[in-house]
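A.B. asks: A predicted structure for the sequence below; I have some questions about it.
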Amino acid sequence: MVFAGTMRVQFSKSILGLSTRGRVSGCFPWLLTRGLSTSNDSLRKTRLYDFHVQNGAKMVPFAGYAMPLSYGSVGQVASHNHVRTSAGLFDVGHMVQSHFRGATATAFLEWLTPSSLKSLSPYSSTLSVLLNENGGIIDDTVITKHSDNAFYVVTNAGRRDRDLAWFREKLDEWNSGERAKDGKVEHEVLEDWGLVALQGPKAAEYLQKFTSSDLAKLTFGKSAYVTIGGFLLHVARGGYTGEDGFEISIPPSQTVEVAELLSQSPVQLAGLGARDSLRLEAGMCLYGNDLDEDTSPVEAGLSWVIGKDRKESGDFIGAEGVRKHLKDGPPRRRVGLVVEGAPARQGAQIFAHSGGEAIGNVTSGIPSPTLNKNIAMGYVLSGWHKKGTEVEVDVRNKLRKAVVTPMPFIKPNYWRG
């Protein structure tokens, strides 16, 4: 699938969002909202940066990294559709990979998050959230339990500084206190490690060619160390697209070789453009757009990540605010929308039907390549969040009809065995 020829890395004004007429920034407004430097020299690079350039990537700044938006002449919609029907490979090496180890690691992470990790079986994963003292979301995260004493945690690149400082602060507090009497917790950041996501209905069939392990036994939300093409790698079944797939963690020295192995036909390289439309169709949040520190997991529709025992015990950071929202109901709720006419983008106001009061805002919006409809995600006042509720959205100073619609917008295709 490697594209012929090499395209120079492009940091054009329109891609960087420096021109309001730029096509790329218009299609992907989240590039404008990250608050990040656009200087090539100041951007971090994943281990696959040169690999991307060699394959014709259009590189853009995202979460402090130079990341591929798309490749060669393959547009965002074509790339999106290829992942939905075949398989695509994403570089997600900008994400922060960490190990937490120690006799009290489970208790420590249950203090930082509201998830039930004691009951999580070995090599199982859960989506979770890091909460501030008020119950607002510092970051969303995927936590994989290897054992009671060892966890693999992936957090967002755009929250790297905030997350790592929070981990340091809370580790110091934990390890110097009574709660660490049975053993301290150590935190290791896997700097420069690769992380790729092989996604799509043909992902398993393709990956199976390179391993003797039976991938059919590796179901959604599970992980294992698997030998792939001679490399022993941490493989987790899941992803950010709504399709079946795998997220594969790779030591720095092996990242390029593994990417080359996993990007042969029918697999296509896929970039941020396709990743954003795929995740929105799947109803998944993008931190900074759909989640922030002023939003609780209850408002965000993520109450399911809060363990039943944790709701009762309240022994996690931010519990008071979260439990209040659980008991009394949150003041606003995250919803999906199908919008008539033009697509609604981040920041568009949502109004009550027939020109009524302002009731919320859109946080993400796209024309859905799969559904051929304009879909969006946003927050509305509680009471306006019910399925089928008709509202209006201000799109370019014109009110467009919209309907509150359940998410995900597409049926997920996860492998559950």
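C.D. replies: Received, thanks. Numbers count the residues shown, from 1 in each chain.

A.B. asks: show me the contacts for the nearest residue to Tyr414 once chain neighbours are set aside.
C.D. replies: For Tyr414, ignoring the flanking residues on the chain, the nearest one in space by Cβ to Cβ, 6 or more residues apart in numbering is Phe220 at 4.0 Å. For every residue, glycine as well, the C-beta is placed using N, CA and C. Taking Cβ atoms under 8 Å, 6 or more residues apart in numbering, we find Phe220 in contact with Arg237, Gly238, Asp244, Tyr414, Trp415, Arg416.

A.B. asks: where's Phe220, which helix or strand?
C.D. replies: Assigned by DSSP states H and E, Phe220 falls within no helix or strand.

A.B. asks: Check the gap between it and Gly245 for me.
C.D. replies: Distance, Phe220 to Gly245, by Cβ to Cβ, to the nearest Å: 9 Å.

A.B. asks: and for those two, which residues touch both?
C.D. replies: Common neighbours of Phe220 and Gly245 (Cβ under 8 Å, 6+ apart) are Arg237, Gly238.

A.B. asks: Pro343 - nearest residue in space that isn't next to it in sequence?
C.D. replies: Asn374 (4.2 Å).

A.B. asks: Just grab the bridge partners of that neighbour for me.
C.D. replies: Val339, Pro367 (DSSP bridges).

A.B. asks: Help me confirm that it comes into contact with Val362.
C.D. replies: No. Between Asn374 and Val362 there is no contact under Cβ atoms under 8 Å: 10.6 Å.

A.B. asks: Of the two, which one has the most company?
C.D. replies: The neighbour comparison of Asn374 against Val362 (other Cβ atoms under 10 Å) goes to Val362, with 27 against 21.

A.B. asks: Can you name the residues bridging to the more buried one?
C.D. replies: Gly378.

A.B. asks: So in the protein, which helix runs the longest?
C.D. replies: Longest helix in the chain, counting residues (DSSP state H): helix 160-175.

A.B. asks: got the buried residues for that helix?
C.D. replies: Arg160, Arg162, Asp163, Trp166, Phe167, Lys170, Leu171, Trp174, Asn175 (16 or more other Cβ atoms under 10 Å).

A.B. asks: And for stretch 299-309?
C.D. replies: Quick answer for stretch 299-309 (16+ other Cβ under 10 Å): Glu299, Ala300, Gly301, Leu302, Ser303, Val305, Ile306, Gly307.

A.B. asks: Alpha carbons of it, as PDB, please.
C.D. replies: Provided in PDB are the C-alpha atoms of stretch 299-309 (Å, rounded to 0.1, in the frame of the first residue of the first chain):
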ATOM      1  CA  GLU A 299     -22.300  15.100  32.000                       C
ATOM      2  CA  ALA A 300     -20.200  13.500  29.400                       C
ATOM      3  CA  GLY A 301     -22.300  10.300  29.300                       C
ATOM      4  CA  LEU A 302     -19.400   8.300  30.800                       C
ATOM      5  CA  SER A 303     -21.100   7.200  34.000                       C
ATOM      6  CA  TRP A 304     -20.600   3.600  32.900                       C
ATOM      7  CA  VAL A 305     -16.800   3.900  33.700                       C
ATOM      8  CA  ILE A 306     -17.700   4.500  37.300                       C
ATOM      9  CA  GLY A 307     -17.800   1.200  39.200                       C
ATOM     10  CA  LYS A 308     -20.900   0.500  41.300                       C
ATOM     11  CA  ASP A 309     -18.700  -0.100  44.300                       C
END
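
A.B. asks: what about the residue lying closest to Phe231 once chain neighbours are set aside, is that helix, strand or coil?
C.D. replies: Distance criterion Cβ to Cβ, 6+ apart; nearest residue to Phe231, sequence neighbours excluded, is Gln254 at 5.3 Å. What DSSP: H, G, I helix; E, B strand; the rest coil gives for Gln254 is helix.

A.B. asks: Tell me how far Gln254 lies from His80.
C.D. replies: Taken as Cβ to Cβ, the span from Gln254 to His80 is 29 Å.
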